[in-house]
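Enquirer: Okay, here's the prediction I keep looking at, along with the sequence it came from:
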Amino acid sequence: MSRNINQPKSSPKLLDVNKLAVEFDTYGGVVHAVRDVSFSVDSGETLAIVGESGCGKSVTVQSIMGLIPMPPGRITSGSALLRGQEILGTAMIQGRDIRGSEIGMIFQDPMTSLNPTMSIGDQIAEPMQVHKGYDYRKAYSEAIKLLELTKIPESTKRAKQYPFEFSGGMLQRAMIAMAISCKPSILIADEPTTALDVTIQAQILDLLQELQRETGMAIVLITHDLGVVARLANEVAVMYAGKIVEHGSVEDIFYRSAHPYTLGLREAMPTNDPDKQSVLSPIPGSPPDLFSPPVGCGYCARCPWSMSVCESKNPEGFYLNEGHYSKCWMHHQQSPVKPIELYFEQQTHG
Amino acid sequence: MGKLVGEPILEMGNLTRHFDIGRKQFVHAVDGINLTVSEKEILGLVGESGSGKSTLGKVVLGLEPKTSGWVKYRGELLPQKYKARDFQKWSGKMQMIFQDPYSSLNPRMTVGEIVGEGLRLRSGTTKSQIKDKVADWLLKVGLQTDHMSRYPHEFSGGQRQRIGIARALILEPEFVVCDEPISALDVSVQAQVINLMGDLKEKLGLTLIFIAHDLSMVRYVSDRMAVMYLGSIVEVGKADEVYFDPKHPYTEILVGSNPEPDPNLERKRASTTIKGEIPSPVNVPAGCRFANRCPKVEENCKRVTPKLIPLKDSDRQVACHLLN
């Protein structure tokens, strides 16, 4: 039997986001950017949030970080608990700053995210001066150690240089060094390798994995590249039109895709399989307008199997396995459509 | 997609483009490229950023002058530096689709003006003819005719790239350089644009140079693939062969760095990370350009520059001492 999405919770997770909803006031009306998003992540785990641009991935993590400008932004409901304590709307818990100290963040574009007028060493030292109260000299020597940790050669010399003297890959390393400088328990990586070449991307992904092994921090990875997800993630949340439509382990998502959108994303991407036919199947159409989000399932206009119920009623989450759910009406017991391409719960289960 | 090679449509000989950056220093963006593109094939051009792919595309079309070397189009030598008249002559035959659909469309022109501009500049077409043709092309690339009066900001990235495609193809060129046409787009939209280009290529019999840094995508679209590193070509061959059986150490690493959307494979695979970054094209190292990052480097590599030589019993060309 498929169970309802609201399962009883076990012990408090490191980060537990529950029913988060974020809106923005614009001249065109209210944009419902994030609608009812719940996920959690534990130490040493990597959660990937996947989806097309505009689906609300970045807004989700920015609201957790308190980086949403308010106004025009507004968190209308939901909570985000860090070790059981609410962090939405506050900047500090237990005497520690959340931003920078508890949660570190690396941004997509390293070229525009760093201050061009400060040397790299000073920039990395700054969070330690602010959050940990280090004096400049101690913070600066820590910064050099961090540059070594992120494998920047000649770190003493490099620390004196300015962002324009660094290549894209080096800047991303410097940004990682800055993000982990206060030993955060969670690292949020918002498309950390999208602006980089594949060879440099591989280096950065290796580095993130290594740092996670050493420090045991949790990583929340935002990306649209399923290859990066396969490489790094344990857990995956697939977002579409402001909602998480499927959530599960990385194996669930790749080998037991249960939502048509997840399948669509996978089929639109080239694989390395030489036997696969050389035609990509794009997802037709484009995502819905979030000024007036659809009443039913956000994906039904693009879904090849959409039914009449999909337009009128929002699908609840159907659990297929422990921790694997899909918000799609086809998982309802009475659904007449059960395409073989999708994974359905085995009848013997539960 | 291993089909027979047709007549050469475009030939490059020792093609070079250096940029003067003062103090007697030069950026060796494109350095002695010899490459042939056959009729109706798609040649994929891959490499890291800074390898000179885009510059090569621009030099071929005359958007950048050549420092030395030559380009022949159907046997006819193209001018060293284009003048207005040369552009008039060749723009009908060769066109370009640009990388960034946001900055490559003039925000103050309507879509109709953007797409129709090439026709307007060509003598002998009336306004109503242009309008009909623009409408026709908008439909062909999957837009609507009433989009003609709108401005670029009213469109999404995928739609803008379609406008760019219509603008390039309305002049009915035979040969098109596509400079990373999909890298600014979302995954689901990438596949839409790729399939559209494939359809149009079949219908119109186009020859394409497809520039990209995403190898797996290039494998899907191309017949042949050329791998560029620091201004020169290190490997050329059939796309599938280069991708699944790379010969040059750089190609091997490039293919190996590409993460595959399959978690089990990813976990099993040994890390093929390459150390360091692409060196500055100002001081190009002597010998093999890849020597300082190559895992298989030998003494000879740092002294002698390897030539792009065909391998035995195949149409693959590789520039590496270890293979020749």
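Expert: Right, received. Where do you want to start?
Enquirer: And the residue of chain A most remote from its centre, how far from A:E45?
Expert: Here chain A reaches farthest from its C-alpha mean at A:R137, the gap being 34.9 Å by Cα atoms, centre = their mean. In this view, A:R137 and A:E45 are 36 Å apart by Cβ to Cβ, to the nearest Å. C-beta here means a position set from N, CA and C on the backbone, and glycine is covered the same way.
Enquirer: quick one: B:P261 and A:A230 touch, right?
Expert: Yes. Contact between B:P261 and A:A230 holds when scored by Cβ atoms under 8 Å: they sit 5.2 Å apart.
Enquirer: Low-confidence ranges, the stretch 101-250 of chain A, go.
Expert: Scanning the stretch 101-250 of chain A for pLDDT under 70 picks out nothing.
Enquirer: how about the residues of it near chain B?
Expert: With Cβ under 8 Å from any Cβ of the partner chain as the criterion, the stretch 101-250 of chain A meets chain B at residues A:167-170, A:197-203, A:205-206, A:224-231, A:233, A:250.
Enquirer: All the helices of the stretch 101-250 of chain B, in order from the start?
Expert: B:111-120, B:127-140, B:157-169, B:187-204, B:215-221, B:239-244, B:249-257 (DSSP state H, counting those that start in this stretch).
Enquirer: before we move on, what about the stretch 1-150 of chain A?
Expert: Counting by DSSP H, counting those that start in this stretch, the helices of the stretch 1-150 of chain A are A:57-65, A:110-113, A:120-132, A:136-149.
Enquirer: got a markdown table for those, with distance to B:L204 too?
Expert: Shown next, in a markdown table, are the helices of the stretch 1-150 of chain A (distance: least, Cβ to Cβ, whole Å):
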| stretch | distance to B:L204 |
| --- | --- |
| helix A:57-65 | 38 |
| helix A:110-113 | 38 |
| helix A:120-132 | 50 |
| helix A:136-149 | 53 |
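Enquirer: Give me whichever of those helices is most buried.
Expert: helix A:57-65 (a mean of 23; mean count of other Cβ atoms under 10 Å in any protein chain shown).
Enquirer: Same list (the helices of the stretch 101-250 of chain B) but as a markdown table, adding mean neighbour count, distance to A:T60 and mean pLDDT.
Expert: Putting these into a markdown table (neighbours: other Cβ atoms under 10 Å in any protein chain shown; distance: least, Cβ to Cβ, whole Å; pLDDT from 0 to 100) gives the following:
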| stretch | mean neighbour count | distance to A:T60 | mean pLDDT |
| --- | --- | --- | --- |
| helix B:111-120 | 20 | 34 | 91 |
| helix B:127-140 | 16 | 36 | 90 |
| helix B:157-169 | 24 | 21 | 89 |
| helix B:187-204 | 20 | 19 | 85 |
| helix B:215-221 | 24 | 28 | 85 |
| helix B:239-244 | 21 | 36 | 89 |
| helix B:249-257 | 22 | 29 | 88 |
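Enquirer: Need those in a markdown table (columns: distance to chain A).
Expert: Listed next are those as a markdown table, based on distance: least, Cβ to the nearest Cβ, whole Å:
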| stretch | distance to chain A |
| --- | --- |
| helix B:111-120 | 17 |
| helix B:127-140 | 17 |
| helix B:157-169 | 7 |
| helix B:187-204 | 3 |
| helix B:215-221 | 4 |
| helix B:239-244 | 6 |
| helix B:249-257 | 4 |
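Enquirer: the bottom helix or strand of chain B by mean pLDDT?
Expert: helix B:263-268 (a mean of 82; mean pLDDT, DSSP states H and E).
Enquirer: what does that one contact?
Expert: Residues outside helix B:263-268 that contact it (Cβ atoms under 8 Å, 6 or more residues apart in numbering or on different chains): A:G227, A:V229, A:A230, A:R231, A:A233, A:V250, A:E251, A:F254, A:N272, B:P259, B:E260.
Enquirer: Can you tell me how far the third one is from A:P282?
Expert: Applying Cβ to Cβ, one obtains 20 Å for the distance of A:A230 from A:P282.
Enquirer: all strands for chain B, in order.
Expert: B:8-20, B:26-38, B:42-46, B:68-73, B:76-77, B:94-97, B:175-179, B:207-212, B:224-229, B:232-238, B:309-310, B:317-318 (DSSP state E).
Enquirer: in the sheet, who's paired with the most centrally placed residue in chain B?
Expert: Closest to where the C-alpha atoms of chain B average out (Cα atoms, centre = their mean) is B:I211, at 2.6 Å. Beta bridges link B:I211 to B:L45, B:D179 when assigned by DSSP bridges.
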